[in-house]
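[1] build the 3D model from these lines:
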Amino acid sequence: MLGTLVVSVLAIPTLETGARAEPPRGSSSTITAAVVPLALIENRRVLSYPLDQVWPTAIRYLRIDRGFEITDRDQDAGYILFQFPLEGQRIGSGSLEMFATDDAAGRASVSMSVNTGAGPVHLPNSILDGISAKVRAERGQPLPPPPRQEEPPPDQDDPEDDHSVPLLPPAQQP
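    Okay, here's the model as predicted:
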């Protein structure tokens, strides 16, 4: 949700003299000086499913389950732009960005980020929760992580693989 920050000033310096312009006596003691928009709402999540499984599910979730209008999408670039209704006749816009990655266990995964410029504060997280639940319902649990390949211990006789600190020769009397 885009909010505004209203700054109130008690005394404002003037440009000509550098003196402070004080409000007249008996009048309101604050003057509104600026209105600054606050940041966009964003959430991120990693799903342990390959991108080719998450992409079509995300499109169906946004368009069919949520009823949002998809305004643009590009799977190669990894984004979906959408619009959603707000109170009254207003329309909000948002984006879903996805790219392939690996999760902490080494599985092929998708990193997703949802940004909205308006709407409820919980909307990006709600969208990510909905896509996650829909992927899990359609695809089941993610695949187990790949087995870890244990490396054999380094050969102690091979000086090229010796990563220890070299020892100095013993001290001698001069």
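[2] residue for residue, what is the longest strand this structure has?
    strand 91-102 (DSSP state E).
[3] that one - contacts with which helices or strands?
    helix 51-60, strand 79-85, strand 108-116, helix 123-139 (3 or more Cβ pairs under 8 Å, 6 or more residues apart in numbering; DSSP states H and E). The way it works is simple: take the backbone N, C-alpha and C, and place the C-beta from them, glycine included.
[4] can you list the buried residues in it?
    92, 93, 94, 95, 96, 97, 98 (16 or more other Cβ atoms under 10 Å).
[5] only C-alpha atoms, please: export it in PDB.
    What follows is strand 91-102 as a C-alpha-only set of coordinates in PDB (Å, rounded to 0.1, in the frame of the first residue of the first chain):
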ATOM      1  CA  ILE A  91      -7.200  -0.500 -10.000                       C
ATOM      2  CA  GLY A  92      -4.000  -1.600  -8.400                       C
ATOM      3  CA  SER A  93      -1.000  -3.000 -10.300                       C
ATOM      4  CA  GLY A  94       1.600  -5.600  -9.300                       C
ATOM      5  CA  SER A  95       4.400  -7.700 -10.600                       C
ATOM      6  CA  LEU A  96       5.600 -11.300  -9.900                       C
ATOM      7  CA  GLU A  97       9.300 -12.000 -10.700                       C
ATOM      8  CA  MET A  98      10.700 -15.500 -10.900                       C
ATOM      9  CA  PHE A  99      14.100 -16.900 -11.600                       C
ATOM     10  CA  ALA A 100      15.600 -20.400 -11.400                       C
ATOM     11  CA  THR A 101      17.900 -21.100  -8.500                       C
ATOM     12  CA  ASP A 102      18.900 -23.900  -6.100                       C
END
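[6] ok, it: who's next to it in the sheet?
    Using DSSP bridges, strand 91-102 pairs in its sheet with strand 79-85 (antiparallel), strand 108-116 (antiparallel).
[7] in the longest one, what's buried?
    When neighbours are counted by 16+ other Cβ under 10 Å, the buried residues of strand 108-116 are found to be 108, 109, 110, 111, 112, 113, 114, 115, 116.
[8] now do the shortest one
    Of the residues in strand 79-85, 80, 82, 84 count as buried by neighbour count, 16+ other Cβ under 10 Å.
[9] could you dump that strand to PDB, C-alpha only?
    The C-alpha coordinates for strand 79-85 follow below in PDB (Å, rounded to 0.1, in the frame of the first residue of the first chain):
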ATOM      1  CA  TYR A  79       8.100 -11.600 -14.900                       C
ATOM      2  CA  ILE A  80       4.300 -11.400 -14.800                       C
ATOM      3  CA  LEU A  81       2.600  -8.000 -14.600                       C
ATOM      4  CA  PHE A  82      -1.000  -8.000 -13.300                       C
ATOM      5  CA  GLN A  83      -3.800  -5.600 -12.200                       C
ATOM      6  CA  PHE A  84      -6.200  -6.100  -9.400                       C
ATOM      7  CA  PRO A  85      -9.400  -4.300  -8.200                       C
END
